[in-house]
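Engineer: Predicted model and sequence follow; I will ask about them next.
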Amino acid sequence: MGKIQIIKTFAIPKLMFRASVVLISNDLVKEANSIFYNFIWNEKDKVKCCALISDTDKGRLKMLDIESMVSARRVICLKNFLEDYPSTWKSILNSIILPVGGSLFLHCNFDTVKLKTRIPKYYKECFDAWLGLNSSTPVTFNDITDEIIWNNKFICMNKKSVYRKDLVNLL
């Protein structure tokens, strides 16, 4: 428990601060997890990682899941983007996604690979994390009719999702 508290107090805040500002690769997250678990068990894994992460009321040690924390940090970035206060970084992000509908884009069932705009890697990771929470595959007729057609990953032309600014303004 003491070693987990040391990691929670000293290592994770530094990693999470960087994750909120710059792109943290999945390889770096895996390496950090490896270092943390090696520190906890003195180089030998004695318990599966999922057993460490669970709550103490289940008899576990309540270690933090770094991948989930980085993913949450990326989603929080987009949540902050949607909040109503002016900021320079929001203006820059808005200019990047304006060709695909601006903030409307976040309400679509999109795929970052199929967009008609180039998105910087950090924001692409943020959008992919957002998709992990909000993406869906329509199954029923009502699901299909409720889908926004713009930037929809299932509606493509030349392997790119469709967004037509001039048609949106008519609506």
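Structural biologist: That came in fine, so what should we check first?

Engineer: okay, CA-based contacts and neighbour counts for the rest of this
Structural biologist: OK.

Engineer: got the CA positions of stretch 114-132 in CSV?
Structural biologist: Provided in CSV are the C-alpha atoms of stretch 114-132 (Å, rounded to 0.1, in the frame of the first residue of the first chain):
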residue,chain,number,x,y,z
LYS,A,114,-12.1,9.4,-42.6
LEU,A,115,-12.2,13.2,-42.0
LYS,A,116,-11.5,15.7,-44.8
THR,A,117,-9.2,17.7,-42.6
ARG,A,118,-5.8,17.2,-41.1
ILE,A,119,-5.8,17.0,-37.3
PRO,A,120,-2.7,17.4,-35.1
LYS,A,121,-1.7,14.1,-33.3
TYR,A,122,-2.6,15.4,-29.8
TYR,A,123,-6.1,16.4,-30.8
LYS,A,124,-6.5,13.2,-32.9
GLU,A,125,-5.8,11.3,-29.7
CYS,A,126,-8.4,13.4,-27.9
PHE,A,127,-11.0,12.8,-30.6
ASP,A,128,-10.2,9.0,-30.5
ALA,A,129,-10.7,8.9,-26.7
TRP,A,130,-14.0,10.9,-27.2
LEU,A,131,-15.0,8.2,-29.7
GLY,A,132,-14.3,5.5,-27.2
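
Engineer: pLDDT on stretch 101-111, on average?
Structural biologist: Mean pLDDT, stretch 101-111: 87.

Engineer: try stretch 74-83
Structural biologist: Averaging pLDDT along stretch 74-83 gives 92.

Engineer: what's near enough to touch the most centrally placed residue in the chain?
Structural biologist: With distances taken as Cα atoms, centre = their mean, residue 129 lies nearest the centre of the chain, 2.0 Å away. Residues near residue 129 by Cα atoms under 8 Å, 6 or more residues apart in numbering: 71-72, 74-75.

Engineer: One more: residue 165?
Structural biologist: Applying Cα under 8 Å, 6+ apart to residue 165 gives the contacts 99-101.

Engineer: per-domain residue ranges of this structure.
Structural biologist: Domain segmentation of the chain under automatic domain parsing yields 2-64, 90-170.

Engineer: Dump those domains to JSON lines, plus distance to residue 81.
Structural biologist: Shown next, in JSON lines, are the domains of the chain (distance: least, Cα to Cα, whole Å):
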{"stretch": "domain 2-64", "distance to residue 81": "13"}
{"stretch": "domain 90-170", "distance to residue 81": "6"}
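
Engineer: Kind regards, and thank you for your time.
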